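Undergrad: Below is the structure, and that's it, no one-letter string:
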Ligand code: DGY
């Protein structure tokens, strides 16, 4: 009699080295993997998922009814290697009785570090200085290319979740004298540690010198930084986004930068990702863009991938997932 077939886990990307070695050594499941650093095409995903019991995917992989139907009824879980899951249709998952794993906590420090990196790059006009250095030009003048500093300023955090709090903890020692935050509701325990005040979105924009966007992308936050919002921005303020590109209306942002409503925008996330070469945001002197490297450290990416593997294995065995989204 032949042994029962092992459950299949489809993995849509090459994992970081340590987690990849662990995945490759698994014997209790069959791993089907798109062993590339580039995203899998949607058509390949639709055909490769057939017969899988779990899917380990990234935020570039759209998970919807079509994909769940292509997988077949044996699919137990989608395990995304990300904390954000706006690429997943959670209603469709619910209808198909498929569980969702994600990777909270393990990327908090790396993402908050990136937020600080962008805040400092923006405030110290690093984009222009790097361009000068690359051309062998001096930026050492007493009167030009001068940035600003955070001492005595007001910090505004949009979304005081794990990453928002970690960002606040890192930025406070730079000398901010006031911390404001906004979101769907006040979080008094988290805010207490930062001595942060809960305010409305527009009030935060009016008062904050540095605005850090740390909220998830939801129906409520999509496009929240639009033309109206930018009319409330404090002149000379800096906007940093390490959340999701779609929280910001990029056309409205360009207008705000051109009109001088903001001093600088620094973005780790955009729509689309990556932005095509020559995109106005990439060329704008008041905009610094990173290609979504928020969680891109060796330690964090391995921790994310390992948690995603743990989530997928647990689901395949019908056990509680270490990090499951309640859908
Ligand atoms: C996430 O996990 O949602 C991040 O955006 C990845 O860096």
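TA: On my side now, so go ahead. In this text, all values refer to a predicted model and were calculated from it rather than measured experimentally. Numbers count the residues shown, from 1 in each chain.
Undergrad: interface residues of the chain facing the ligand?
TA: 59, 82-84, 107, 294-295 (Cβ under 6 Å from any ligand atom). C-beta here means a position set from N, CA and C on the backbone, and glycine is covered the same way.
Undergrad: from those, which single one is nearest residue 212?
TA: Closest approach between the residues of the chain next to the ligand and residue 212, by Cβ to Cβ: residue 294, at 12.1 Å.
Undergrad: Test my guess that the closest one contacts residue 116.
TA: No - the criterion here is Cβ atoms under 8 Å, and residue 294 misses it with residue 116 at 11.4 Å.
Undergrad: mind checking pLDDT for residue 3?
TA: Per-residue confidence (pLDDT) for residue 3: 72.
Undergrad: For residue 294 and residue 116, work out which one has more neighbours and name it.
TA: More crowded of residue 294 and residue 116, by other Cβ atoms under 10 Å: residue 294, with 24 against 17.
Undergrad: Okay, strands next: where are they in the chain?
TA: 8-11, 30-33, 54-57, 77-80, 99-101, 154-158, 178-182, 196-198, 210-213, 238-241, 264-267, 287-289, 324-325 (DSSP state E).
Undergrad: can you map out the helices along the stretch 151-300 of the chain?
TA: 162-171, 188-194, 201-207, 227-231, 250-259, 280-283, 298-316 (DSSP state H, counting those that start in this stretch).
Undergrad: who touches the second one?
TA: Yep, that's helix 188-194 we're talking about. 160, 164-165, 168-169, 172, 179, 181, 196-198 (Cβ atoms under 8 Å, 6 or more residues apart in numbering).
Undergrad: out of those residues, who's nearest the ligand?
TA: residue 164 (13.7 Å; Cβ to the nearest ligand atom).
Undergrad: quick one: residue 303 from residue 168, how far?
TA: 22 Å (Cβ to Cβ, to the nearest Å).
Undergrad: neighbour-wise, which of those two wins?
TA: Each of residue 303 and residue 168 has its neighbours counted (other Cβ under 10 Å); residue 168 has more, 25 against 20.
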